[in-house]
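J.: Sequence and predicted structure are below.
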Amino acid sequence: MKHFLKLATISALCFSLVACSQTPSQGSEPLEGKTMDNIEGKTPDQVFSNVQWDLTLKLLKDTREKGTNSLVSPLSVILAMSMATNGADGRTLEEIMTSLFPNVTMDDWNKYVYSYLQSLPDDDGFKLHIADSIWMKSDENFQVNQEFLDICKNYYQAEVMTAPFDKTTVNDINNWVNEKTDGMIPTLLKDINADTILFIINALCFDAEWEISFEKNSTHDFNFFAENDITNVVEMMRDTVYSYIETEHATGFVKSYKNGYKFIALLPEEGMDLDTFLASFTMKDVRQLSLVQNIKTKIGLPKFKYDADYQLVDFFKQYGINDAFDDDNADFSKLGTYTDRNIKISSIIHKTHIEVDEEGTKAAAATMISFEKTSAVMEENFREVILNRPFVYFIIDGNTNTPVFAGTVANIQK
C-alpha cells in the first residue's frame, strides 16, 4: 500500500490466584473446544454502538496526560472484557454488566460480537484483523469451565492454549502478539508472575488505504503549536474533501478509508484545551459526528507515528467494577476453579500503536487537519479548519458506527 493508515492494539487480562501455585514443565499446546451448532448472531445496532461509545469517551478522558499523545481501542478493550465477563458470576457479574453493558444481556452481547466478527472486511487496500486467545496454566489444581471456553471459542473465535507459564510461554505469547499485530506490537510480556494462571488477550490490526489518496507533492512543512508552549514542524499532507462537521465546541472533518471506515478529526475551539474539551464532550456530540455537511474543504493531515501503553485496573474501579480485582470477593466461578484458592483479575494491559505515512514507511509524526478555500472559487461556500494545536480523532466503522480507535494529539515530533 502506498497511502495508508496502520494501527494495532493489544488488550490483555491477567487472572491470578491469591496464593502461589507450582508450574509443570511442558510447552504451549492448543486445546480443542466444542463447536456449537447453529450459532445465532445479532446484527449490530445502536445498543452495540452505544456500549462502545460510552467506553470510548471514558477512556479518552481518563487516559489523557498533558503533553503526551493518547491512543485507545475501545473495541479491543471491550472484546477482552467481554470474554472475561462470560466467566463472571454473582456480584462480580452484576458490577461489570452495570458498568459496561447496562442495556443488554450477556447472551445478546455475545451474539452481537459473533455477527460483527463474521462481517469484518479483508480486501485489497483494507484490512481489519481481530484475534482473541486464552492461555491457561497447565496445573492439575486448575479446572477451567468447558462452557466458558466453548463460548469464547465459538462467539469470539478465540484460540485456546495450555502452557507451563514459564519463559517458553512468555516467548509464545509475544510471538502470537507480534504475528497478530503485523509486528507493530512485538512484545506484551517480560515475565509471568508465579500466581498468574490465565491470560485473555485480544489483538487488533488495522491497515487501510484512503478512499482518495494524498498526493506526495502536496506535502509541506507546517507549524504545530503543541502543549507546554512547544512548537513542532510537521510534514502536512493535503487533500480536498466534502465532509465538514461541527460540535458544540469544535470543528473538524471526515476522511474516508475503503470499506466504509472513517477518520474523524476535531479541533477544539480557540482557547479551549484538550482536557476541558474532553470533559465537555458527550453522547450528544457523538451524534453530531454523523451530521456531515457537504461543503468543499481543503484538509491537511501530518504524517504521524506513536505508541501508548496503559494499565486499566484503576480505570475500571473508578467506574464501579471492584469485586473482579478483589482477593476475597472476585467471583469467576463460571470461568473455572482452583483448589482452595480464589481467582481474580490482577492486571489489564492495553497497548496501542498508530502510524500514518504516504509511502508505507515508518516515518514519525502526528495528525493535523487544514481546510482552506482556493482563490478560484471565492464565491463558493467553504469552511477552514487548521489543526495547528492539540486535537482529538476517532477511527470508526461507518457501517455500524463503532469506534475502533480514538486518540488525542498534543505533541508531534517530526
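T.: Right, received. Where do you want to start? Numbers count the residues shown, from 1 in each chain.
J.: What is the neighbour count of residue 140?
T.: 9 (other C-beta atoms under 10 Å). All C-beta atoms are positioned from the backbone trio N, CA, C, and that covers glycine.
J.: Could you shift the numbering so residue one becomes 370, and keep it that way?
T.: I'll keep to 370 as the first residue from here, and by that count the last item is residue 509.
J.: Tell me the pLDDT of it.
T.: Residue 509 is assigned 91 on the pLDDT scale.
J.: Give me the three-state assignment for it.
T.: The three-state label given to residue 509 by DSSP: H, G, I helix; E, B strand; the rest coil is coil.
J.: and what of the one 3 residues further on?
T.: Here residue 512 is recorded as strand under three-state DSSP.
J.: That one: how many residues sit nearby?
T.: 11.
J.: Was I right to think it contacts residue 706?
T.: Yes - using C-beta atoms under 8 Å, residue 512 is in contact with residue 706, at 5.3 Å.
J.: Dump stretch 523-535 to PDB, keeping only the CA atoms.
T.: The C-alpha trace of stretch 523-535 is given here as PDB (Å, rounded to 0.1, in the frame of the first residue of the first chain):
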ATOM      1  CA  ASN A 523     -17.400 -20.100  19.100                       C
ATOM      2  CA  TYR A 524     -18.600 -16.500  19.600                       C
ATOM      3  CA  TYR A 525     -15.200 -14.800  19.800                       C
ATOM      4  CA  GLN A 526     -13.200 -17.200  17.600                       C
ATOM      5  CA  ALA A 527     -10.600 -17.400  20.400                       C
ATOM      6  CA  GLU A 528      -7.700 -19.700  20.300                       C
ATOM      7  CA  VAL A 529      -7.200 -21.700  23.500                       C
ATOM      8  CA  MET A 530      -3.800 -22.800  24.700                       C
ATOM      9  CA  THR A 531      -2.500 -24.700  27.700                       C
ATOM     10  CA  ALA A 532       1.100 -23.700  28.700                       C
ATOM     11  CA  PRO A 533       3.600 -24.000  31.600                       C
ATOM     12  CA  PHE A 534       3.700 -20.200  32.200                       C
ATOM     13  CA  ASP A 535       7.500 -20.200  32.100                       C
END
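J.: Can you name the residues that contact the residue most central in space within the chain?
T.: Nearest to the geometric centre of the chain sits residue 442, at 1.1 Å (C-alpha atoms, centre = their mean). Applying C-beta atoms under 8 Å, 6 or more residues apart in numbering, we find residue 442 in contact with 376, 378, 380, 573, 719, 721, 773-775.
J.: Export the residues you listed to TSV and append columns for neighbour count, distance to residue 435 and secondary structure.
T.: As requested, those are exported to TSV (neighbours: other C-beta atoms under 10 Å; distance: C-beta to C-beta, whole Å; DSSP: H, G, I helix; E, B strand; the rest coil):
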residue	neighbour count	distance to residue 435	secondary structure
376	23	23	strand
378	28	23	strand
380	28	25	strand
573	25	27	strand
719	24	20	strand
721	27	19	strand
773	23	25	strand
774	24	21	strand
775	26	18	strand
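J.: re the thing from before, how near is the residue nearest to the centre of the chain to residue 725?
T.: The gap separating residue 442 from residue 725 is 16 Å, by C-beta to C-beta, to the nearest Å.
J.: Assumed residue 648 was part of a strand.
T.: No - using three-state DSSP, the secondary structure at residue 648 is helix, not a strand.
J.: neighbours around the closest residue to residue 510 other than its chain neighbours, how many?
T.: Nearest residue to residue 510, sequence neighbours excluded (C-beta to C-beta, 6 or more residues apart in numbering): residue 708, at 4.1 Å. Other residues within reach of residue 708, judged by other C-beta under 10 Å, total 10.
J.: Ok, residue 665 next?
T.: Counted with other C-beta under 10 Å, the neighbours of residue 665 add up to 18.
J.: Next, the contact list for the closest residue to residue 642 other than its chain neighbours, please.
T.: Distances taken as C-beta to C-beta, 6+ apart place residue 759 nearest to residue 642, at 7.1 Å, with adjacent residues excluded. Contacts for residue 759 (C-beta under 8 Å, 6+ apart) come out as 595-596, 637, 642-643, 777-780.
J.: Cheers, nothing more for now.
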